[in-house]
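**Student:** Test case, fold it:
(2 chains)
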Amino acid sequence: MANTAFTLGTAPTLLAATQAQLETATSVATYSSPGQQQSHPGHPKAWAEYNFASGPTRIVILAAYNVASGTFNGTGDYDIVWDTDFSSTSYCVVGSSGGTGVAAATESSFGTQALSTTDAQIYLARLGDVATDSAFTNPSINSIVAYGDQA
Amino acid sequence: MANTAFSTAIGGNTAAASQAEMETATSTSVFSTPGLQQNHPGHPKAWCHFNGTGTIAIVASYNTSSLNDNGAGNYDVVWDTDFSSANYAVTGNAQGASGNADLEVSVGLEVLATTDAQILVANLGDGTQASAFVDSAIICVSAFGDQ
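**Tutor:** Just a heads-up that it's a prediction; the model follows:
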């Protein structure tokens, strides 16, 4: 597809896309800006890397975008709280976890337990094997990414 | 919210966002460009779909330079442009054995370094068969963070 030509300083004036235009994702007559490009429907809305600390057990956010905090509900059960909320509970969360030097049976599976506009509740369970049942766990390396529409 | 007019673009001043402006992610008076839009903090920094069986190979990718095969189900995904620290996020999924829940797989995060991510693929196992690290023909990972 050819580029859209803009003549600077003449009509039509060069315009930054609004949140609505980015969410519609059809305009080729406006520009995406750093303050709004995340509003595009294909753009991730939040992500985080985190682990756990004890005394009492809590979630430590190591790096993140649009994540306000983590809430520890119990072993392998926690909430990741968004900074800017989602507009509905219909959004997508993906994640992975693990830890250095663990055996295959103690690798963990990332489960999405509940989604609310303000946070996502996550379950983490180790895989289990012949000798040991699967069980909720707190892995040392955890990542989460969320996609959807924000308010 | 009304559109913002780019008056700064008139008269030869650039209105393209710099890497720093993209990383700050607040300005609506400069515009993202294809060469720098990935510097927005919410933008994926890398992804890779690779075949982890036999001679492992990248099928499709963005900002992934190579792979290392460390053993069964154990891989390094090497980034092209490195991350600025080891604190970044990686998510992944992989193909398990067809029609066998016990042999479905989970992608685990082993080590995150600025230059690469080590991941492990393990099948689930059950009451009679231990879970184990296994190679997978379809492994997909994505990475988010600061470069």
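**Student:** can we go C-alpha only for contacts and neighbour counts from here?
**Tutor:** Will do.
**Student:** Now do stretch B:37-51, average pLDDT.
**Tutor:** For stretch B:37-51, the mean per-residue pLDDT is 94.
**Student:** list the buried ones in it?
**Tutor:** Buried residues in stretch B:37-51, counting neighbours by 16 or more other Cα atoms under 10 Å in any protein chain shown, are found at B:37-51.
**Student:** Then stretch A:37-51?
**Tutor:** A:37-41, A:43-51.
**Student:** Contacts made by that stretch with the rest, please.
**Tutor:** Contacts to stretch A:37-51, defined as Cα atoms under 8 Å, 6 or more residues apart in numbering or on different chains, come from residues A:19-20, A:22-25, A:59-67, A:82, A:138-150, B:32, B:42-44, B:87-90, B:144.
**Student:** from these, which would you call buried?
**Tutor:** If you count burial by 16+ other Cα under 10 Å, the buried members of the contacts of stretch A:37-51 come out as A:19, A:22-23, A:59, A:61-67, A:82, A:138-139, A:141-150, B:32, B:42-44, B:87-90, B:144.
**Student:** any low-confidence regions in chain A?
**Tutor:** Scanning chain A for pLDDT under 70 picks out A:1-13, A:129-130.
**Student:** and it, what are its domains?
**Tutor:** Following automatic domain parsing, chain A resolves into domains at A:1-40, A:46-147.
**Student:** closest to B:G96 out of the ones you listed?
**Tutor:** Closest to B:G96 of these, according to Cα to Cα: domain A:46-147, at 13.8 Å.
**Student:** got the residue ranges for the strands in the chain?
**Tutor:** In the absence of a named chain, this looks at chain A. A:46-53, A:58-65, A:67-74, A:77-82, A:92-98, A:108-115, A:119-126, A:135-136, A:141-147 (DSSP state E).
**Student:** actually it's chain B I care about, not the one you picked
**Tutor:** For chain B, the strands defined by DSSP E occupy B:46-51, B:57-62, B:64-71, B:74-79, B:89-94, B:105-112, B:116-123, B:139-144.
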